[in-house]
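Peer 1: Using only what follows, build the 3D model:
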Amino acid sequence: MLELATAQAKARRTPALGLYVHVPFCASTCDFCAFYQTQPTAAGVRRFLAGTAREGELVAWNRPVDTVFWGGGTPGLLSPRALTELGRVVRHRSGGQPREWSVEMAPASVTPQRLAALKEAGVTRISMGVQSFQPALLAALGRQHTLPQALRACDSVRTAGFASVNLDLIFAIPGQGLEAWRADLDAAVRLAPDHISTYCLTFEEDTALFVKLSQGRVRRDMEKEAAFYTEAWERLEAAGYAQYEVSNFARPGHQCRHNLNTWRMEEWVGLGPSAASQFGGWRSSNVADLGQWLADVDAGHRALVDRVELTPRVLAEDSLIFGLRMNEGVDLPGLHARFPEAPWENVSGLAGRLAEEGLATMDGGGRLRLTLRGQLLADAVGAQIIEAMAEPAHA
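Peer 2: Residues are numbered from 1 along each chain as shown. Coordinates of the predicted model:
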């Protein structure tokens, strides 16, 4: 009986498996984007598709893929034929139809032919980077699509009949006022997507916006960012979109499963240049260079960089940081049982301090959740978690 119980426990701990494909092609670089990308060419796309198929064969997993996510870059920039071919690669390695299959698209790349190819491949979810419905703010971000293109794209995606549709919005854009943000939120709600993501503009190094920030041409306003965030939370909740993570809101049944698995520290395999993986006890990334990635894959090995061993302390730390970004919070006793070697005495002390400061609440079962004020300070809470995990355990 004991052996059976142990086997059942191990089966329950089998993590969900995601598959992420980084499609590195973009027609132009947005001012805020720091993701690896390159200009598409016919030869480059052909080599990428062949390389993705080869890399998929280099990674051994013996269970079906639960979720698939194509990011970029702009995956929707691929031709319908290329999308179909990439879809065949994914289905071959997924062991059947994934429960969820998401593809990022830019409004300017949406066509009926591309949508038909994605639907035929088995894609269930489209995530579209609208970012704003204000032409002046789109220009400030360096976005290439127009407002009419965005509206037509949203209508086309809905007409195509995908199970879930997400719209991405960005706030705290230089020159954006609270009224403009309310207008963007209301415009998104009128389009009736199943899911809305709202991201605070970040200034990543090696981007045009970071250069403007360092030159003093734009500035950050933390109080204004908090007001934007609160406005989104209140307005979207009133419209029927439940917040389930700091930046994400969904109607019932439309949460992004792939992201949930990532935040819960499950496993995923990344294919393509710069794609990250968390699999087989290690976290790593492919080299962010299409040519180098192809050369290594052709030679029969993956060009992995930034390899980190997934020790119990690392997984416990990240489970807390990302878990607290979710409205469901974290089950501290459950994490303790999953990663008993982590310094849980330190975590218990930190949880008490967060509750005392009004940043979190703790229920009787040991589930820790951030308050609204805690969500506004989620990055600072994450820094405290890292500090607590780095200290020697103490009673």
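Peer 1: Please enumerate the helices of the stretch 151-300 of the chain.
Peer 2: 178-190, 208-214, 222-238, 257-263, 290-298 (DSSP state H, counting those that start in this stretch).
Peer 1: quick one: low-confidence parts of the stretch 251-395 of the chain?
Peer 2: 393-395 (pLDDT under 70).
Peer 1: switch to 90 and redo it
Peer 2: 303, 341-343, 379, 388-395 (pLDDT under 90).
Peer 1: Tabulate the helices of the stretch 151-300 of the chain (a markdown table), appending mean neighbour count and distance to S94.
Peer 2: The way it works is simple: take the backbone N, C-alpha and C, and place the C-beta from them, glycine included. A markdown table is the format used below for the helices of the stretch 151-300 of the chain (neighbours: other Cβ atoms under 10 Å; distance: least, Cβ to Cβ, whole Å):
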| stretch | mean neighbour count | distance to S94 |
| --- | --- | --- |
| helix 178-190 | 17 | 31 |
| helix 208-214 | 16 | 36 |
| helix 222-238 | 16 | 32 |
| helix 257-263 | 22 | 13 |
| helix 290-298 | 18 | 19 |
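Peer 1: so E100 touches V123, yeah?
Peer 2: No: the criterion here is Cβ atoms under 8 Å, and E100 misses it with V123 at 9.5 Å.
Peer 1: Switch the helices of the stretch 151-300 of the chain over to CSV; also include distance to S156.
Peer 2: Shown next, in CSV, are the helices of the stretch 151-300 of the chain (distance: least, Cβ to Cβ, whole Å):
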stretch, distance to S156
helix 178-190, 16
helix 208-214, 30
helix 222-238, 24
helix 257-263, 23
helix 290-298, 29
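Peer 1: I'd like to know which of these is closest to V90.
Peer 2: Nearest of the helices of the stretch 151-300 of the chain to V90, taken as Cβ to Cβ: helix 257-263 at 12.8 Å.
Peer 1: Could you list every helix and strand that the closest one packs against?
Peer 2: On a contact count with 3 or more Cβ pairs under 8 Å, 6 or more residues apart in numbering; DSSP states H and E, helix 257-263 meets strand 17-23, strand 67-72, strand 100-105, strand 267-271, helix 312-323.
Peer 1: centre of the chain versus it, how much separation?
Peer 2: Relative to the centre of its chain, helix 257-263 is centred 8 Å away, using Cα atoms, centre = their mean, to the nearest Å.
Peer 1: quick one: V45 and R81 touch, right?
Peer 2: No: counting by Cβ under 8 Å, V45 does not reach R81; the two are 9.8 Å apart.
Peer 1: in the chain, which residue is closest to the centre?
Peer 2: In the chain, the residue lying closest to the centroid (Cα atoms, centre = their mean) is N259, at 5.4 Å.
Peer 1: Can you name the residues that contact that one?
Peer 2: Listed by Cβ atoms under 8 Å, 6 or more residues apart in numbering, the contact set of N259 reads 69, 245, 248.
Peer 1: And P98, by the same measure?
Peer 2: Counting by Cβ under 8 Å, 6+ apart, P98 touches 19, 64-68, 122, 124.
Peer 1: do the same with T52
Peer 2: So T52 contacts 21, 86, 89, 271-272 (Cβ under 8 Å, 6+ apart).
Peer 1: If you rank these by neighbours, which is first?
Peer 2: L271 (28 neighbours; other Cβ atoms under 10 Å).
Peer 1: residue contacts, that one?
Peer 2: 19-22, 52, 55-56, 59, 286.
Peer 1: so how far is A299 from it?
Peer 2: Per Cβ to Cβ, to the nearest Å, L271 is found 16 Å from A299.
Peer 1: what's the next secondary structure element after the helix or strand containing A337?
Peer 2: If you go by DSSP states H and E, A337 is part of helix 332-338. Using DSSP H and E, the helix or strand that follows helix 332-338 in sequence is helix 344-356.
Peer 1: The helix or strand following that following helix - contacts with which helices or strands?
Peer 2: The element immediately downstream of helix 344-356 (helix or strand, assigned by DSSP H and E) is strand 360-362. Judged by 3+ Cβ pairs under 8 Å, 6+ apart, the packing partners of strand 360-362 are helix 344-356, strand 367-370.
Peer 1: And T74, how far from A360?
Peer 2: 38 Å.
Peer 1: go on, A53?
Peer 2: Applying Cβ to Cβ to A53 and A360 gives a distance of 46 Å.
Peer 1: Please say which of the two ends up with more neighbours.
Peer 2: A360 (23 against 18).
Peer 1: Is that one in contact with R367, as I believe?
Peer 2: No: with contact defined as Cβ under 8 Å, A360 and R367 do not form a contacting pair (10.2 Å).
Peer 1: any common contacting residues for these two?
Peer 2: Counting by Cβ under 8 Å, 6+ apart, the contacts common to A360 and R367 are G329.
Peer 1: Can you verify my assumption that A276 contacts W282?
Peer 2: No: using Cβ under 8 Å, A276 makes no contact with W282, being 11.0 Å away.
Peer 1: higher neighbour count, the two?
Peer 2: Taking other Cβ under 10 Å, A276 and W282 do not tie; A276 has more neighbours (16 against 12).
Peer 1: quick one: contacts for that one?
Peer 2: Listed by Cβ under 8 Å, 6+ apart, the contact set of A276 reads 20, 270, 283-286.
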